[in-house]
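Colleague: Next input, structure requested:
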Amino acid sequence: MQRVSKVSAAVWVLVAAQLPLALGALAGGAALMLDPRGEIISLPVEMLAGTPFSTYLVPGALLFTFLGAYPALAAYGLARRPGWALPERINLFHGTHWVWAASLAVGGIPILWIAVQMLMLGYISVLQPFYVAWGMAIIGLTLLPQVQRHYRLEQ
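Modeller: This is a model prediction of the structure:
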């Protein structure tokens, strides 16, 4: 049985922090998958020299999935708290709704994405520290006591 506490403003700020991340990555990932040479978004394929990729197809699919679809699903879950069995089964944080753990992961994904990007390509954009800070903000919001309370399950 879930205990549903009054939704605090912090929960809605957390949802709002994940939606633009998701929408931007869905659009960017889709553009890269539709045009793996990167011309739609003016991203030269030559930037991929020295990486395992010859086109943007795989990076676009990863972007679409992990920084787009996953945060969109998490934002939906944060807002609606669906009782889905599979995510609950793999939830490492027993006693907490699965979406709380998913939100922590959403914060970590852009940090990991930028770390890997910087290892492969180096520092290429002022947006890199911005996305790291964005991920850290999502983690910080997820860890707020009022957010944790809202997603705690009755024992």
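
Colleague: In this structure Gln148 contacts His97, no?
Modeller: No: using C-beta atoms under 8 Å, Gln148 is not in contact with His97, being 10.2 Å away. For glycine as for every other residue, the C-beta is placed from the backbone atoms N, C-alpha and C.

Colleague: So between these two, which is more surrounded?
Modeller: Using other C-beta atoms under 10 Å as the criterion, Gln148 and His97 rank with His97 on top: 24 against 14.

Colleague: Would you map the helices across the protein?
Modeller: Secondary structure of the chain (DSSP state H): helices at 9-34, 57-62, 70-80, 85-89, 98-121, 127-142, 145-150.

Colleague: Return the most buried member of the ones you listed.
Modeller: With neighbours defined as mean count of other C-beta atoms under 10 Å, these peak in mean count at helix 70-80, which reaches a mean of 21.

Colleague: can you pull the alpha-carbon coordinates of it into CSV?
Modeller: Backbone C-alpha positions of helix 70-80 (Å, rounded to 0.1, in the frame of the first residue of the first chain) are rendered in CSV as follows:
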residue,chain,number,x,y,z
TYR,A,70,13.9,7.7,-19.9
PRO,A,71,13.6,11.2,-18.4
ALA,A,72,10.2,11.6,-20.0
LEU,A,73,9.1,8.3,-18.5
ALA,A,74,10.5,9.4,-15.1
ALA,A,75,8.8,12.8,-15.3
TYR,A,76,5.5,11.0,-16.0
GLY,A,77,6.1,8.6,-13.1
LEU,A,78,6.9,11.4,-10.7
ALA,A,79,3.7,13.2,-11.6
ARG,A,80,1.4,10.1,-11.7
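
Colleague: Tally up the residues packed near Tyr123, please.
Modeller: Burial measure for Tyr123: 10 neighbouring residues, criterion other C-beta under 10 Å.
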